[in-house]
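Colleague: From the sequence below, what's the structure:
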Amino acid sequence: MKLSTFCLTVSLFASAVFAQDDVTANPVAAEIISNAEDGGINLLDLPFATDALSSIVAVTESNTTVTPTERKSRRSSTAATKIDAHVHVIPDWYRALVPTTGGNPTPAWDVASHLQFMSTNGIGRSILAISAPGSSVYPGNQIISAGLARLLNEWVAALVRSYPTKFSFYAVVPLPFTDAAIAEAKYALDNLGAVGIILLSNHEGKYLGNPEFKKFFQYMNTRGKGREIVYVHPNTPWLQNKGQLIEANPTLYPTGLFEFYFETARVFMDLTATQTIHNFTNIHYVIPHVGGSFPSIIDRFIKSLPALEASSKQIYKTRFWWDSAGPTYFAQVKGLLGYDIPTSQLLFGTDYPYAPIFTYGPSIAAIDSATYITATDKTNIFTNNVKTLFGNKISW
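Modeller: Below is the predicted model of the structure:
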């Protein structure tokens, strides 16, 4: 190695060490590190920990450095009444780890733009979630997955604390590692104020009805704190092959454009056929994009399982809550309503910032102008149904 290269390497290593020392000296970061250690997670072993902790500190401290007027604004309710139940955030440090999502560039995100989007579209509160791949950035690595889930949850929780009347959040859990996922769900729900859990359609190729996940659903079902809410989001379809994950998109097109609809159908077929939704009756599900392609195949699928048809369709009408994210109210939702799903189970969602920018306005307008639902239905879709779902989990 050349002396200049050696010196540069030493310099970069020293800078990283000093940066880590700087952030760990901050009381906010120190508490997060200590809490993680109590749960068997060593955050400082993670290559992205310094960036993540620095970002969490910045989000937290931003609330103490703003003017009193701005601080009051962050904590004041607005006249906007819509509640967005399908919407995402993307910390810069996470975007660096996940530069593409579903075959497309992961969009940039910042809080000012998000708040402006909410204001423009009459949205008073957003229930935030980290999108796919969640904590599965390093497949097969439980240590990194658990640490990443913790840092993501701490980051979003810090954002929610800074804007308590604007934001709530669903927590990430590090499935397919079931015990670690249970521990993170407990910490996020009981300590960080998460109002629900986000799960992906598959976690490293394992769909949610997989027997390995039964213990997780049992935990969620028996927490004893009222209904538990699981928001399911489509993920890239993965196949396990000789210890490797292979993307199972047979087309030449981005997975997010061509496969996510079918992932939604696969996971709810799986949850139905395995009777996961039947066996754990305290769990309610937020269904993305009014079910993707699932409504189009419900009868064809469920009539092959006649013993499950009546009970499954009853669950679809009572414990499934179908969000509108995407251009779903031009016609797509009519297929869902054809199964007599009551409009009281319909929620509003935008998919911000992942959907094309030009789709948000028309998608909202399609709900407003829909002739097949009443004005009362529309008010409930935009505002009241989600309040019924979450109840006192959120301070409205």
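
Colleague: Spell out for me which residue occupies the centre of this structure.
Modeller: In the chain, the residue lying closest to the centroid (C-alpha atoms, centre = their mean) is Ala129, at 3.1 Å.

Colleague: Show me where the stretch 101-250 of the chain has its helices.
Modeller: Listed from the start of the chain, the stretch 101-250 of the chain has helices (DSSP state H, counting those that start in this stretch) covering 111-120, 142-162, 178-187, 214-221.

Colleague: List the buried residues in the third one.
Modeller: By neighbour count, and taking 16 or more other C-beta atoms under 10 Å as the criterion, the buried residues in helix 178-187 are 178, 180-187. C-beta: built from backbone N, CA, C; applies to glycine.

Colleague: Which residues does it contact?
Modeller: 35, 39-40, 142, 145-146, 149-150, 153, 171-175, 197, 212-213, 215-216, 219-220 (C-beta atoms under 8 Å, 6 or more residues apart in numbering).

Colleague: From Ser136, how far out is Pro176?
Modeller: Separation of Pro176 from Ser136 (C-beta to C-beta, to the nearest Å): 8 Å.

Colleague: Wasn't His284 part of a helix?
Modeller: No: counting by DSSP: H, G, I helix; E, B strand; the rest coil, His284 is not part of a helix but strand.

Colleague: so it bridges to which residues?
Modeller: Beta-bridge partners recorded for His284 (DSSP bridges): Ile229.

Colleague: residues touching it, list them.
Modeller: With contacts defined as C-beta under 8 Å, 6+ apart, the neighbours of His284 are 227-230, 319-321, 389.

Colleague: And the furthest pair within the residues you listed?
Modeller: With distances taken as C-beta to C-beta, the most widely separated pair in the contacts of His284 is Glu228 and Phe320, at 14.1 Å.

Colleague: residue ranges of the strands in the stretch 1-150 of the chain, please?
Modeller: Along the stretch 1-150 of the chain, the stretches classed as strands by DSSP state E, counting those that start in this stretch are 82-88, 100-101, 104-105, 123-129.

Colleague: tell me what the second one is packed against?
Modeller: If contacts are counted by 3 or more C-beta pairs under 8 Å, 6 or more residues apart in numbering; DSSP states H and E, strand 100-101 sits against no helix or strand.

Colleague: List the pairing partners of it within its sheet, with orientation.
Modeller: Short version: by DSSP bridges, strand 100-101 pairs with strand 104-105 (antiparallel).

Colleague: what's next to the strand it pairs with, contact-wise?
Modeller: Strand 104-105 is contacted by residues 99, 254, 256-257 when judged by C-beta under 8 Å, 6+ apart.

Colleague: nearest to Thr236, of the residues you listed?
Modeller: When the contacts of strand 104-105 are compared against Thr236 (criterion: C-beta to C-beta), the nearest one is Gly256, at 8.2 Å.

Colleague: what about the closest one, helix or strand, and which?
Modeller: Here Gly256 sits within helix 255-258, counting by DSSP states H and E.

Colleague: Now do that helix: distance to the chain's middle.
Modeller: What separates the centre of helix 255-258 from the centre of its chain is 18 Å, taken as C-alpha atoms, centre = their mean, to the nearest Å.

Colleague: Name the nearest residue to Ala181, ignoring sequence neighbours.
Modeller: Here the nearest residue to Ala181 in space, its sequence neighbours aside, is Val173; by C-beta to C-beta, 6 or more residues apart in numbering that works out to 3.9 Å.

Colleague: Hmm, that neighbour is touching His203, no?
Modeller: No: checked against C-beta atoms under 8 Å, the pair Val173 and His203 is beyond contact range at 9.1 Å.

Colleague: how about the buried residues of helix 178-187 in TSV, adding pLDDT and distance to Phe117?
Modeller: Compiled in TSV, the buried residues of helix 178-187 are given as follows (pLDDT from 0 to 100; distance: C-beta to C-beta, whole Å):
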residue	pLDDT	distance to Phe117
Thr178	98	36
Ala180	98	34
Ala181	98	31
Ile182	98	34
Ala183	98	34
Glu184	98	29
Ala185	98	29
Lys186	98	32
Tyr187	98	30
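
Colleague: and the two most separated of the residues you listed?
Modeller: Between any two of the buried residues of helix 178-187, the greatest separation by C-beta to C-beta is 15.1 Å, found for Thr178 and Tyr187.

Colleague: OK, contacts around Phe169?
Modeller: For Phe169, the residues meeting the contact criterion (C-beta under 8 Å, 6+ apart) are 127-129, 153, 156-157, 159-160, 193-195.

Colleague: Kindly recompute the last result at 10 Å.
Modeller: For Phe169, the contacting residues are 89, 126-130, 152-153, 155-157, 159-160, 188, 192-196, 198, by C-beta atoms under 10 Å, 6 or more residues apart in numbering.

Colleague: My guess is the residue nearest to the centre of the chain contacts Val173. True?
Modeller: No: taking C-beta atoms under 10 Å as the definition, Ala129 is not a contact partner of Val173, at 11.8 Å.
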